[in-house]
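Novice: Pasting the sequence and the predicted coordinates here, then a few questions.
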Amino acid sequence: MSEIVFVDSAGRETRVNAEDGETLMAVAVRSGIDGIVAQCGGALACGTCHCYIDEAHLDLLPPPSQEEADMIEFVMEPKPNSRLSCQLLMSAATDGMRVIVPDNQH
């Protein structure tokens, strides 16, 4: 189990617990995190689960697949630390990870 810290655009933090093997998107939806829309339910088809991963944890995650990288090109305001939360599996490496939720997914 790991603790994930979601940060909204106003800087408010929400700390939630995540089970190993659970996707970051599932954690966000289950926890009622505003801004993670997840329209396609994790099928890597919409980009509405886009988020920014804090630099301290970015290198601890596996790199995005080519499919994820291609989808990130179409999200609003992509950055080098952009990821799709449906593609990130929670593990011991994600404990304490800060996830910045964008203002808008559309």
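Specialist: That came through fine. Numbering: from 1, shown residues only.
Novice: Now do the contacts for Gln87.
Specialist: Gln87 makes contact with 23, 44, 64-65, 68 under the criterion CB atoms under 8 Å, 6 or more residues apart in numbering. Glycine gets a C-beta too; all of them are placed from N, C-alpha and C.
Novice: So for stretch 27-35, first residue to last residue, what's the gap.
Specialist: End-to-end distance for stretch 27-35, by CA to CA, to the nearest Å: 13 Å.
Novice: and for it, what are the contacting residues?
Specialist: By CB under 8 Å, 6+ apart, the residues outside stretch 27-35 that reach it are 4, 6, 8-9, 14, 16, 18, 36, 38, 49, 51, 85, 90, 99, 101-103, 105.
Novice: if you set the cut-off to 6 Å instead, what comes out?
Specialist: Stretch 27-35 has contacts (CB atoms under 6 Å, 6 or more residues apart in numbering) with 4, 6, 16, 18, 36, 38, 85, 101.
Novice: among these, which ones are buried?
Specialist: 4, 6, 16, 18, 36, 38, 85, 101 (16 or more other CB atoms under 10 Å).
Novice: thinking again about what came up before, can I get the contacts of stretch 27-35 in a markdown table with pLDDT, secondary structure and distance to Val29?
Specialist: Formatted as a markdown table, those follow (pLDDT from 0 to 100; DSSP: H, G, I helix; E, B strand; the rest coil; distance: CB to CB, whole Å):
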| residue | pLDDT | secondary structure | distance to Val29 |
| --- | --- | --- | --- |
| Ile4 | 98 | strand | 13 |
| Phe6 | 98 | strand | 12 |
| Val16 | 98 | strand | 11 |
| Ala18 | 98 | strand | 12 |
| Ile36 | 94 | coil | 6 |
| Ala38 | 93 | coil | 6 |
| Ser85 | 98 | helix | 9 |
| Val101 | 97 | coil | 12 |
